[in-house]
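> Pasting the sequence and the predicted model now:
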Amino acid sequence: MAFGKSGGISRSQSAYALLLAAYPREFRREYGREMALVFADRCREGADLAALARIWGEALVDLARTAPRQHLESFGEGTMKTLRTLALAAAAYAFTLLVIAPLYVSGRPALPGFANSLIDALISTGLLFNFIFLLLTLTRRLEGTRAVRAAFVLTALVVGALITLMIVSLGEPARINLSIVAAQVLSLLVWFTAHLWWVLRKRGRAVPPAAA
Amino acid sequence: MGDQDPEKLLPLSPAVFHVLLALADAERHGYGIIKEVESRTEGRVRMGPGTLYGSIKRMLEQGLVEESDERPDAELDDERRRYYRLTNFGRRVAVAEAERLSGLVKAARAKQLLSRA
């Protein structure tokens, strides 16, 4: 071919792959590779430069028409997801503050030492774990199981730092009750497992249903 | 998905109906769908990658199509590509849309906007 067909196609495919940045990240991740393949197939149809120019023209019009629509859809989905997550978090915090906390305060003297520590830990690490998880999810830094793992590590670091601070400020490591540490570790595992279960369950539901 | 009323999705956009028609008789990958539409419409409809995959994304969400696990003949197969096929619900929606369009064509004929075939 006069215009070096294979080189032209390769350059066109690379340029088109760059233009795919106009689409939302999620859409690009799901379909970008195949869109580039389809575009390369289209380019192979072109017998000369004029045909390639026509294919490029069509591709640019297609991109200008569909990329804004995908952003609108993505914005709508993202907003709904954010609102659902916020509503869930608000309900969880309200439940903790309005129901569990008063029950706990009124019944606390009757509870044995470890149960007291465990409820303390479940409430404190729960608030912290949920806050970190919510922050990671809403800012879309991380999602799914990666967000759960990161929230676990960050909460463990904060709790560990607080316990260390207590030991240092008290000056007597022996005064830190072992049941407090055990309760914190158990509580962390409980929140980690609960979040992991929730995320995996949600992922399972997101799989497109098979045809009947 | 099986209990959903096909009428609720009508009218379909031209792109979605073309994709349903392309998948009515065979599983195809993206470029296969584009070529089938082009050949059936004698080159009048040339779908771009953005139009095609935007439609496929919505159709997957609505349960009209699904990704196929089965692969065609190994010689024709391309591992990099995903193949799509109609779901039962997708077929019912395609039939409902075809009947709706057929009704419109009848009305156009009755008003003598179209000659009788």
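Nice, I can see it.

> make it CA atoms for all contacts and neighbour counts henceforth
Will do.

> how about stretch B:84-102, does it get close to chain A?
Yes. Using CA under 8 Å from any CA of the partner chain, we find that stretch B:84-102 touches chain A at B:87-89.

> List of residues touching that stretch?
Stretch B:84-102 has contacts (CA atoms under 8 Å, 6 or more residues apart in numbering or on different chains) with A:210-212, B:1-2, B:4, B:6-7, B:9-12, B:17, B:20-21, B:23-24, B:26-29, B:63-68.

> Nearest the middle, which residue of the chain would you pick?
The chain I'm using is chain A. In chain A, the residue lying closest to the centroid (CA atoms, centre = their mean) is A:Glu143, at 1.3 Å.

> Chain B is the one I meant
Nearest to the mean C-alpha position of chain B, counting by CA atoms, centre = their mean, stands B:Leu20 at 1.5 Å.

> so of the contacts of stretch B:84-102, which ones are in strands?
The members of the contacts of stretch B:84-102 that map onto strands under DSSP state E are B:28-29, B:65-67.

> so which of these comes closest to chain A?
Comparing the ones in strands among the contacts of stretch B:84-102 against chain A with CA to the nearest CA picks out B:Glu66 as the nearest, at 7.3 Å.

> Hmm, B:Arg58 and that closest one touching each other?
No. Here B:Glu66 does not reach B:Arg58: they are 11.1 Å apart, not a contact under CA atoms under 8 Å.

> Have a look at those two and say which one is more surrounded.
B:Glu66 (22 against 14; other CA atoms under 10 Å in any protein chain shown).

> Residues of chain B that sit close to chain A?
Of all the residues in chain B, those lying near chain A are B:1-2, B:30-31, B:48-51, B:53-54, B:60-61, B:63, B:66, B:80-81, B:87-89, going by CA under 8 Å from any CA.

> Which residue, other than its chain neighbours, is closest to A:Leu128?
Leaving aside its sequence neighbours, A:Leu128 sits nearest to A:Thr155 (CA to CA, 6 or more residues apart in numbering or on different chains; 6.5 Å).

> On the three-state scheme, the one you found is what?
helix (DSSP: H, G, I helix; E, B strand; the rest coil).

> Tally up the residues packed near it, please.
The number of residues near A:Thr155, taken as other CA under 10 Å, comes to 22.

> what pLDDT does it get?
The model reports A:Thr155 with a pLDDT of 90.

> Remind me what the strand or helix carrying B:Lys35 packs against, helices and strands.
Taking DSSP states H and E as the definition, B:Lys35 sits inside helix B:30-40. Packing partners of helix B:30-40 (3 or more CA pairs under 8 Å, 6 or more residues apart in numbering or on different chains; DSSP states H and E): helix A:25-45, helix B:14-23, helix B:49-62.
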